[in-house]
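In: No sequence on hand, only this structure:
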């Protein structure tokens, strides 16, 4: 292509940009360049310009499209130095834009909250605490009997009732008035005073309770000891100008407020609260300017001395909060470059298997041509049909300035998904950021690209405590330094046009109690569409957290793409209702109706386009019904494997029988009379996986058995994934398997030359692993799990299945080892331990799959009408009903969303504490250490037991070999002993439980 480059840089940026541009193009004028260039060279040029960009940089790149026109491809630096189509201005005139009518209201709300947020620090509880902290700087911080933000809210409320400043404080010296909320707990946010009270009281923490997820707000997180109310007194006087200024701002706010619905005030409160938190964080970190007059009261202490006069703190936070409200509302960060969007949207081959993507893009384009309303897209294409690439295309066509974040449930998939998108979509390194929670994972992933001997990724799937990011270099506005100075990794996370992230990061946008984490994620979502992968894979309680994220995206006016091959109506309806409530808040802010569009696409039929509303479930069901009726090739056939005795032996015997049958049916020739097959045994839990793998190794001595789950050494899991990713990528056939030296050696060592290679795996295999097995044995946890696990069979080759290649166990392990009447489909699964409505009608898959077409096993098993699917729909809908009402703030509970209990009761992760264990070298041998927050770090322990290696294990390495691999991959070390981070694993912190080690198959707690 031929390009022209124009520079509008200023000051020092002129010299820096010229040095880069002169090395790539011929200068055709004082500030213009032209050259032929490849797409790769163009991306490299843009990345170099971004690396040296400052606020004075402004370089535009145009592509010559012949006699017709010059097309703007991208601008690096100040976008407003050029016109909308890249025109260089002959002259400029600054015209004041009229803000949206809601923005001054939000700004005034933030300004008033800034003036009032710390009024409670004028009380003796807080002032005395500061004095004690200054007198004894090394003393442990102490809590107030009543938190200052609660006192701030109560003083505000009492002043509205007509009490003067001293009278308001005097009224709080009795427990009952101190604990009141003035009706806020009953009515929610119905006006500016309610919104202001909420902002002031919750700018550090949400209301109580913590334990009850559907309660109305209480004072128990703010009032710790109301019995000390009599000791509360004014510690000093604030300048009269503070209260006068607050009264003036409130008067302006009330004049602007008018008659607005509760949805307006809830949306306004979310935005104003984010501005208040940012302002409070920024101002609290500042030094006080010289010459500031104090008032005898202070906002905090620093380095053992009083810091920031309270009057100065309140006024400064107020001004900054008002300013931040405007900046958040006007946030517009760079989108994907034009040539990148063109590359992403290049049509798929109409005769290929991805032609359906063209229909999906056309449907969204048609909707966008007639409406600018937010769009909710459901992608229900089949497993292996290319949903990840399709989602990126849909996100690009849904927005005129494409920016989107892809949220994944398993952090193990984040880096590899980022690589896949970068390669498939042609994204530049500066256009995509990848968020991870573990630098060890990043190192192993980088090594997999640098060194062909090792490939794959590893990262635990437990809750993350911190984030790191790679890629996505971007210049953020200066006002964001309050977030990015302390956490530089946040800059690309917020700014990059494409973010590939664990959902653990983005979920904070819908978690107001997470404070700064909430604001950082909210800023990403304020100017970014959202793509959610496998949204139906979450348990109902965790799904509520995802619905809060979706609601926030609707509030921000963004588009949302949800994809899953097995997306059922109850989940899709919950997503629609959450999104609709967010869009309703946005509509209330803008004075509109809050409408949104829905597009449902799949890989076989036409797209469905309709308006979101009360009839969503019926419209979506119509689309699924049409999809279910379309003919499909039978590439997976299933049978139900009997389970005999109700015991562990009976369960394992059923697995062995199914493996024998499937291997004989699906083994294939590797030359010289040798045969093999690759099989998956999917089980629900790690303990079951290890026991089943051991049983298979004993019963089938000719087999090679591996165990794949999360409770393994980091490096060990990494090496397993490396081998499986290589061997089971069968998009181009099986030649690489036959040519593999290890496979050839194992076949040659087999007495009869017939080897089943068996991978016993937990649900980590179900989502995201792009593996193609010959057959599978499935311990069922749900209809969803059956479809997802079966999707790893014949995944790439899609050969017609004349014989069953999937065995579904008639009963699962919990049934085999449990008692009559126990719940068996849980952890994972939808059932509840308590007998009642959250149970399947039977534990027998023969009953639950009655009427299902097992001769063509596909998504119809979950989306059709078999008893198991019907029961799951009932349980999902029932368990989402109450939290959805709370989330939407419906009249029965308009204020429950303000309580911490709503967020703690419906968390993304269960938050179960984990202990880190590691193998450490000890005088020529290996020992084990354990880290625990309560017990200490680096404690030496003997394991509960060690099981010797099985002679026919597979994908198993000794500790010395694993240590060598860690050194080869330069995995960092930790502790005095120099233990490698790659030799760590995690176990739940269940009492004093010490794990045992099966040297072939992993760790388990006896």
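Out: Nice, I can see it. From a predicted model like this one, the values you see are computed outputs, not experimental measurements.
In: what about residue 208, distance to residue 196?
Out: As judged by CB to CB, to the nearest Å, residue 208 and residue 196 stand 20 Å apart. Just so you know, the C-beta spots here come from the backbone N, C-alpha and C atoms, and that holds for glycine as well.
In: the more surrounded of the two?
Out: Legend: neighbour count by other CB atoms under 10 Å for residue 208 and residue 196, higher for residue 196 (29 against 18).
In: For the more buried one, list the residues it contacts.
Out: Neighbour list for residue 196: 109, 112, 113, 116, 156, 250, 253 [criterion: CB atoms under 8 Å, 6 or more residues apart in numbering].
In: How about the spatially most central residue of the chain, nearest residue that isn't a chain neighbour?
Out: Nearest to the mean C-alpha position of the chain, by CA atoms, centre = their mean, lies residue 503 at 0.7 Å. Spatially, and ignoring its direct neighbours in sequence, residue 503 is nearest to residue 407 (4.0 Å; CB to CB, 6 or more residues apart in numbering).
In: mind checking which helix or strand that neighbour is in?
Out: strand 404-408 (DSSP states H and E).
In: now that strand: mean pLDDT?
Out: Strand 404-408 shows an average pLDDT of 92 in the prediction.
In: do the same with stretch 881-895
Out: Across stretch 881-895, pLDDT averages out at 93.
In: Quick one: end-to-end distance for it.
Out: Stretch 881-895 has an end-to-end distance of 16 Å (CA to CA, to the nearest Å).
In: With stretch 322-340 instead?
Out: Rule used - CA to CA; the end-to-end distance of stretch 322-340 is 37 Å.
In: tell me how far that stretch is from the chain's mean position?
Out: Centroid displacement of stretch 322-340 relative to its chain, using CA atoms, centre = their mean, to the nearest Å, is 21 Å.
In: Next: stretch 390-399.
Out: Stretch 390-399 sits 19 Å away from the centroid of its parent chain (CA atoms, centre = their mean).
In: Over to stretch 352-362?
Out: On CA atoms, centre = their mean, the centre of stretch 352-362 falls 27 Å from that of its chain.
In: what's the answer for stretch 24-36, then?
Out: Distance, centroid of stretch 24-36 to centroid of chain: 43 Å (CA atoms, centre = their mean).
In: List the buried residues of it.
Out: 24, 25, 31, 33, 34, 35 (16 or more other CB atoms under 10 Å).
In: quick one: which of those is nearest to residue 646?
Out: Taking CB to CB as the measure, residue 646 lies nearest residue 24 of the buried residues of stretch 24-36, at 72.5 Å.
In: Can you list the strands that the helix or strand hosting residue 681 pairs with?
Out: Secondary-structure assignment from DSSP H and E places residue 681 in strand 675-682. Using DSSP bridges, strand 675-682 pairs in its sheet with strand 668-669 (antiparallel), strand 754-761 (parallel), strand 775-778 (parallel).
In: can you list those in JSON lines and add distance to residue 724, mean neighbour count and mean pLDDT?
Out: What follows is the strands paired with strand 675-682, written out as JSON lines (distance: least, CB to CB, whole Å; neighbours: other CB atoms under 10 Å; pLDDT from 0 to 100):
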{"stretch": "strand 668-669", "distance to residue 724": "18", "mean neighbour count": "12", "mean pLDDT": "96"}
{"stretch": "strand 754-761", "distance to residue 724": "7", "mean neighbour count": "25", "mean pLDDT": "98"}
{"stretch": "strand 775-778", "distance to residue 724": "14", "mean neighbour count": "28", "mean pLDDT": "98"}
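In: between those, which gets nearest to residue 608?
Out: strand 775-778 (31.1 Å).
In: I'd like the distance from stretch 150-158 to the chain centre, please.
Out: That offset, for stretch 150-158, works out to 36 Å (CA atoms, centre = their mean).
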